[in-house]
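# give me coordinates for this.
(3 chains)
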Amino acid sequence: MSLSYGPGARYGSGWLLLGLGFGLLLWFIAAWWDMSEPASGAQKLLIGLGFLLVVWGIARVAQQFVNITNPVIGFTPAALTLLAVVVAAEALLRAYQVPTGLIPTPSRVLSTLLEVRDVLLRDAYQTVVLEAMVGYLVGCSLGLLTALLVSRYVFLERGLLPYATVFSSIPIVALAPVLVKMIGIDWPSKAVIVAITVFFPMVVNAFRGLTEVNPLSLDLMRSYAASEVQQYRWLRLPNALPFIFNALKLGTTLAMIGAIVGEFFGANGQGLGFRIQIEAGRFGFDIVWSAIIVASIIGIAWYGLVAWLERKFTGWHVSFR
Amino acid sequence: MVFQNGTVALKDANLEIAPGEFISLIGPSGCGKTTLLRLLADLIKPSAGTIRIGGKTPEEARKSRAYGYVFQAPTLMEWRTVLSNVMLPLEVMNFPPPERKARAEQMLTLVGLEKFARHYPWQLSGGMQQRVSIARALAFDPQLLFMDEPFGALDEITRENLNLELLRLWRETGKTVIFVTHSIPEAVFLSTRIVVMTPRPGKIETVIPLDLPQPRTFETRETARFFELATEVREALRKGHGYEVTE
Amino acid sequence: MRLSPNLVPMLVVALVVVALYWPIMYLANIPAAQRALDTGAALPCKTAFECATQLRSPVLPSPQQLWNGFANLMFPLNSPNAIPINAAVTAFETLVGLLLATLVGFFFAIGMVASRAFERALLPWIVASQTVPIIAIAPMLVVLLGQYGVQGWLPKAIIAAYIAFFPITIGVAKGLQSPDPLALDLMKTYNANNWQTYLKLRFPASVPYLFTAFKVAMTAALIGAIVAEISTISFQGIGKMLAENSRASDVVAMWVIMLSSAVLGILLVALVNWLERLLTPWRRSSQVVAVPTKETRLATRGEVRS
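Presented below is the predicted three-dimensional model:
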């Protein structure tokens, strides 16, 4: 697509659009800060216009960032998108005067978050550290161990693996209430739920990694008269690392979900899932959103940590080139 | 031709090709022969110089469907049957539907695979898949055929058979063929003229006309003249440092 | 019909598990049974051992209790309190959610493949939506939608879609980008326009990836549907049955429902598998996971030379 004016002018116009759009939205928010009647139709249209300008601006500006390799700078289009959605949401909620008991505005959520951060941190400790992480570590280690055994003994492969693939299609939600009843409403029951949930993907993935080895590499090992253990150490385990990390990344999200869903079925007064359920029932949605934000940040950070480790240990893999 | 990263792929390539010829581009890796072919096909644009195909630029030629391209790999679509694969260009180019099947079947008969029309690519051997690829390239009746080491992945015996097949096709259809290869006997057997290319920088070392009689047969490979010509090609490659190992 | 060599080991494992179930069940239930006896409750049994299989809230139900529970909850087949209808409702919500997720997933995937700017602006958030425990939003979303008059099965389907769209997006994006560069060159030599390239090359190439994603998405959608049902006053569905029986502390019923939903999950994934076989007849049989024989396994372990 050829342009009659150069790319510089295009990018400049993108930033201009962004400025205009955001300016419009922010002006509206400031103007409506203390109002209590809904805005007129024309004003709502103005918000829509502001949002469109912002989106158009992002589309133009994002082109500029397409080839940037620096991860921080390259994140700008995504950051702008988030900002756009948050600001637009704030403006729209105020324009329609949606009761804050129903959908709290982003600004209100943030202020609530700061208010109740102690409670949320304690909840987070319960949910994330005790339930999710303990279950995650136990489930992943057991999964890896099982995969090692199954890869070594053909009998186990034939007898256990088909069950594993079947069990992985069972919804954890079905397991949760039963386990909570069995083990009690305190955190160990959720840890068990998490352990079971992350166990199966780990077994399936690690097993693939341990056995899908280039047959020529195995021949090479044989030519070195390598023992069974040496084969595992020098060939199978390194080969399995990308697969194992796949399961580890998947496991972080499964662990958070498992812990929170588990709490829906019984918790002893603490935990993010418990908090969300209770407050949702009381229409205290600002706290619900605050809890969700806390859970999200932790989830993203945990995933990022595992991804960083993955890059460190398996930077050689095809997917990183 | 200079690539974006500064590598000089091809320098001072001057060549004229008459219709109905069978031209081979031969040389070691890095001599620019594939680059030259891709320039002709408008898959890349030259950094300098002009190319004319029947008076048109490569882009115009591509848009007027003047050539068929056969790649090193068969590049058949695994979700289509053999017949359906041959019909692909006819669909894209909006040939009338009743004509498509007829043409495709005709092409498959030409390459001797009419019995496999309803098979899937994975059921065919490598050589057969490449023949389907050739049938597909001929389906819309282009004047030119560009072939980039089409038999490179096959064993020598299959290759020699397919060389004979290709010459028969060339005779029967009268197309102009530009054929990239790194096999000296293949180039000598197939072509009317050989363009010897050498690397660093990629250039045309020399053009050798081949006076071997047509139609060529298995016995042609065993004649003294064949050997002389092959030697001539080899010497030209040596002269252009084609045999020195650096990479 | 050739017997799978998996059969014997699988049976052995199954038998071992079944054989172990009884001792474990007794071990688990006896303490609870003892406590029940100690409280002097009127029970139809005398010793802790006997009572282990008669408890109203056992830790592990006995097979007899499970059997009775199934009989209670499965029949009559068309009762709104029985499993079949509720399972059907949940399955419906799941499938509708999957359909919505596919539409959304295709939209995002095509957007990301067609425009790198789109990818840059949105991909981090699409990934983040995966790491965010979306399931946390379910209770709130259902209440919200209820306030605006969206009732019944639709909010559950929406939540199911919300959870399922991510694997589909990533799978389809990967599939759309999977064709060989040579195949893309081929389309270029035909002077094919963008739409033709998508239609004839990229979409068909992405079908295998779509089905792989479907299996993951199906399980996710099912979880979403059930959680959504639990989060509100639902009148039908597996989740509603779970919530009911959880409140009533009917442990045996909960076990029965759990097993039934497990079966539902397995059936839905089997449905995807069947669909895949139906729609991709070109998949060569060698791509089916080969059943390991002793020779091939030892060969890959480098011990047997052919």
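# ok, the residue in the stretch 1-150 of chain C that chain A sits nearest to - contacts?
Going by Cβ to the nearest Cβ, chain A is nearest to C:Pro9 of the stretch 1-150 of chain C, at 3.2 Å. (Glycine included, C-beta is placed from N, CA and C.) C:Pro9 makes contacts with A:155-156, A:158-160, as judged by Cβ atoms under 8 Å, 6 or more residues apart in numbering or on different chains.
# out of those, which are close to chain C?
Restricting the contacts of C:Pro9 to those near chain C by Cβ under 8 Å from any Cβ of the partner chain leaves A:155-156, A:158-160.
# and of these, the nearest to C:Val16?
Nearest to C:Val16 among these: A:Gly159, at 9.0 Å, using Cβ to Cβ.
# check what pLDDT the residue lying closest to the closest one once chain neighbours are set aside gets.
In space, and not counting its chain neighbours, A:Gly159 is closest to C:Pro9: 3.2 Å by Cβ to Cβ, 6 or more residues apart in numbering or on different chains. Note for C:Pro9: predicted pLDDT of 82.
# for A:Leu272, see how far away C:Pro9 is.
42 Å (Cβ to Cβ, to the nearest Å).
# equivalent analysis for A:Pro171, please.
21 Å.
# residue contacts, A:Gly209?
Counting by Cβ under 8 Å, 6+ apart, A:Gly209 has contacts A:236, A:239-244.
# let's see it at 10 Å
A:147, A:151, A:236-247 (Cβ atoms under 10 Å, 6 or more residues apart in numbering or on different chains).
# same thing with C:Thr219?
Here C:Thr219 is in contact with A:168-172, C:94, C:163-164, C:167, C:265-266, C:268-269, C:272 (criterion: Cβ under 10 Å, 6+ apart).
# which phi and psi does it have?
The phi and psi values for C:Thr219, taken as degrees, to the nearest 10, are phi -60, psi -40.
# anything in stretch B:63-74 near chain C?
Yes. Residues of stretch B:63-74 are located near chain C by Cβ under 10 Å from any Cβ of the partner chain, namely B:63-65, B:67-74.
# now the buried members of these.
B:65, B:67-74 (16 or more other Cβ atoms under 10 Å in any protein chain shown).
# domains of chain A?
Following automatic domain parsing, one gets these domains for chain A: A:7-98, A:115-320.
# ok, chain C next?
C:9-60, C:83-284.
# packed most tightly, which of those domains would that be?
Of all the domains of chain C, domain C:83-284 carries the top mean neighbour count, a mean of 20, counting by mean count of other Cβ atoms under 10 Å in any protein chain shown.
# and that one, how far out from the chain middle?
From the chain centre to the centre of domain C:83-284 is a distance of 10 Å (Cα atoms, centre = their mean, to the nearest Å).
# let me see the confidence value for the residue of chain B positioned farthest from its centre.
Centroid-distance maximum for chain B: B:Pro98 at 29.5 Å, with Cα atoms, centre = their mean. Per-residue confidence (pLDDT) for B:Pro98: 89.
# hang on, it in a strand?
No. Counting by DSSP: H, G, I helix; E, B strand; the rest coil, B:Pro98 is not part of a strand but helix.
# low-confidence stretches in chain B?
B:1-8, B:242, B:245-247 (pLDDT under 70).
# count the neighbours of the residue in the stretch 1-150 of chain A that chain B sits nearest to for me.
In the stretch 1-150 of chain A, no residue comes nearer to chain B than A:Asn67, which is 13.1 Å away by Cβ to the nearest Cβ. A count of neighbours around A:Asn67, defined by other Cβ atoms under 10 Å in any protein chain shown, yields 9.
# pull up the gap between it and chain C, please.
The gap separating A:Asn67 from chain C is 8 Å, by Cβ to the nearest Cβ, to the nearest Å.
# list the contacts of B:Leu224.
No, residue B:224 isn't Leu; it's Ala. For B:Ala224, the contact set (Cβ under 10 Å, 6+ apart) is empty.
# if we can go back for a sec, could the contacts of C:Pro9 go into TSV alongside secondary structure?
Formatted as TSV, those follow (three-state DSSP):
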residue	secondary structure
A:Phe155	helix
A:Leu156	helix
A:Arg158	helix
A:Gly159	helix
A:Leu160	helix
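# for ChimeraX, what selects the buried ones among the residues you listed?
The ChimeraX selection below is limited to those of the contacts of C:Pro9 classed as buried (16+ other Cβ under 10 Å):
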select /A:158,159,160
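# closest one of the contacts of C:Pro9 to B:Leu40?
Among these, A:Arg158 lies closest to B:Leu40 (Cβ to Cβ), at 56.2 Å.
# tell me the secondary structure for B:Thr206?
strand.
# I misspoke; the intended subject was B:Val196.
Following three-state DSSP, we place B:Val196 in the strand state.
# and the gap between it and chain A?
Distance of B:Val196 to chain A, computed by Cβ to the nearest Cβ: 35 Å.
# and the gap between that residue and B:Asn14?
From B:Val196 to B:Asn14 the distance is 14 Å (Cβ to Cβ).
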